[in-house]
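J.: Have a look at this fold, sequence not included:
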């Protein structure tokens, strides 16, 4: 099977409230909560958003999918 045809893809989830607080965000900056998970491309073609724990904010916040 070709790599581009896989149904399950890895995605990165990033805390949306931490991104709003910092003006200039570097991809490798610390203090922003990120999770790596998988999603099924056929079932969820839109961007994934989950409530996860953010250690920077010390509470559960919405983590949205970002580009790699």
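T.: Perfect, thanks for sending it. Note that this is a predicted model, so its numbers are computed, not measured.

J.: In contact with residue 39, which residues?
T.: Remark: with contacts taken as CB atoms under 8 Å, 6 or more residues apart in numbering, residue 39 is in contact with 8, 9, 11, 48, 65. Placement of C-beta: from N, CA and C, glycine included.

J.: Please enumerate the helices of this structure.
T.: 16-21 (DSSP state H).

J.: Of the contacts of residue 39 - the most surrounded one?
T.: In terms of neighbour count, residue 11 stands highest of the contacts of residue 39 at 19 neighbours, by other CB atoms under 10 Å.

J.: Which residue, neighbours along the chain excluded, lies closest to that residue?
T.: Using CB to CB, 6 or more residues apart in numbering and skipping the chain neighbours, the partner closest in space to residue 11 is residue 65 (4.9 Å).

J.: How much space separates the one you found from residue 7?
T.: Relative to residue 7, residue 65 is positioned 16 Å away (CB to CB, to the nearest Å).

J.: re earlier: any idea how far residue 10 is from the residue nearest to residue 11?
T.: Using CB to CB, we find residue 65 at a distance of 11 Å from residue 10.

J.: repeat for residue 42
T.: Separation of residue 42 from residue 10 (CB to CB): 15 Å.

J.: which ones are touching the residue nearest to residue 11?
T.: Contacts of residue 65 by CB under 8 Å, 6+ apart are 11, 12, 13, 39, 47, 48, 49.
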